[in-house]
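S.K.: Only the shape, not the letters, is given here:
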């Protein structure tokens, strides 16, 4: 709003008129059955499998003659599907089911590198090769993908593997494999340990003479990690993770980061402390399912859109601050109001002080946040050109009436009910 004093921000409650939804776009609901404990990750597992099955069946023409099949009005391909979520927290579950169904896909955003065994094995080896006194990284290398010792074998190794001087090995030290003695170790465990220490030494030698990216390329090829990924049911994602790791290392080297800085960054990536968009080996292809957040979908459309990840245990809207969205005549600037809170437990806080009229301000902020939730849901819904499928989770209908914000797509549920959307 413009007036004589300059721009002023005016708050208006935003509501999406039902008539604004394109009448030619089909609307369907995907109800997810009750999951014990209402854990979002478990709900996403069940939902991801259903979505993968639907996409596979739709592309193979197995849903013709059904209400949803009729709404599609024609053949579909993988590239017609767009999966949207409010956050990327559950992307690993959806990615896993798409991979297992052999459905090509790409991902924008998320932490799919977190917990990836191939990426973590590489980082563990690089860490112990550059920091030989890191016993924790060495144990991770010995039990990880590249070596594969069991806990029992690791225990035997610690008790029986000897140095040339007859002492037990210390996992906080590096050893030349030629100076190790078998002792009473089983032959197979001894040979595996020698190979692990040999790989560590060779990696260390290469890191002294070559850039990290070249060493990683050598490891991926010499250890057959791409071949291993191809044999995995999640081959698309496994191979893509390695490609993303290589890309990130090259980016760090281009920014003149040294070996230590690169390793710290890599550890933060595989531990999930930093968001890095994963890849699949389908990256750049067009006929693939796309998985992304609503924020990343700005300006995009797709024939078939799924609104996924239907439940968030922590999704309740409870304002912790209030912004006065009209200018303060005395200062000419917006005002921020917030209470003082004291932490009483790891995830709990107690309010010990608040601004005057905080109750009214909190109500105004709650109204604004709910309007924002409606806006985001509306933006997501209007990405669909032919069919919109909204996931819906029911544990107890009454609980949703009391706290609907735990369901990210709750602003659309009334439309689903009014239109009697098919399941």
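M.R.: Structure's in. What do you need? Computed from a predicted structure; not experimentally measured. Numbers count the residues shown, from 1 in each chain.

S.K.: neighbours around residue 303, how many?
M.R.: Around residue 303 sit 18 other residues, with neighbours defined as other CB atoms under 10 Å. Placement of C-beta: from N, CA and C, glycine included.

S.K.: Neighbouring strands of the helix or strand where it lies in the sheet, and parallel or not?
M.R.: Taking DSSP states H and E as the criterion, residue 303 maps to strand 302-307. Strand 302-307 has the following strand partners under DSSP bridges: strand 81-85 (parallel), strand 384-393 (parallel).

S.K.: ranges for the strands of the stretch 1-150 of the chain?
M.R.: Under the criterion DSSP state E, counting those that start in this stretch, strands of the stretch 1-150 of the chain are mapped to 2-3, 6-7, 26-32, 81-85, 105-107.

S.K.: could you dump the ones you listed to JSON lines with mean pLDDT, distance to residue 289 and mean neighbour count?
M.R.: As requested, those are exported to JSON lines (pLDDT from 0 to 100; distance: least, CB to CB, whole Å; neighbours: other CB atoms under 10 Å):
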{"stretch": "strand 2-3", "mean pLDDT": "34", "distance to residue 289": "44", "mean neighbour count": "7"}
{"stretch": "strand 6-7", "mean pLDDT": "35", "distance to residue 289": "42", "mean neighbour count": "8"}
{"stretch": "strand 26-32", "mean pLDDT": "86", "distance to residue 289": "15", "mean neighbour count": "19"}
{"stretch": "strand 81-85", "mean pLDDT": "94", "distance to residue 289": "4", "mean neighbour count": "25"}
{"stretch": "strand 105-107", "mean pLDDT": "82", "distance to residue 289": "4", "mean neighbour count": "24"}
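
S.K.: coming back round to it: run the angle between the strand holding residue 303 and strand 26-32 for me.
M.R.: Orientation check (axes from the mean of the first three to the mean of the last three CA atoms, to 10 degrees): strand 302-307 against strand 26-32 gives 30 degrees.

S.K.: Excluding chain neighbours, what is closest to residue 171?
M.R.: Counting by CB to CB, 6 or more residues apart in numbering, the nearest residue to residue 171 once its immediate chain neighbours are dropped is residue 135, at 4.2 Å.

S.K.: wait, doesn't that neighbour sit right on residue 174?
M.R.: No - using CB atoms under 8 Å, residue 135 makes no contact with residue 174, being 10.3 Å away.

S.K.: Give me the more crowded residue out of these two.
M.R.: Of the pair residue 135 and residue 174, residue 174 is the one with more neighbours under other CB under 10 Å, namely 18 against 13.

S.K.: and the more buried one, what does it touch?
M.R.: In this structure, residue 174 makes contact with 128, 132, 138, 197, 200-201, 204, judged by CB atoms under 8 Å, 6 or more residues apart in numbering.

S.K.: Distance of it relative to residue 206?
M.R.: Computed with CB to CB, to the nearest Å, the distance linking residue 174 and residue 206 is 15 Å.
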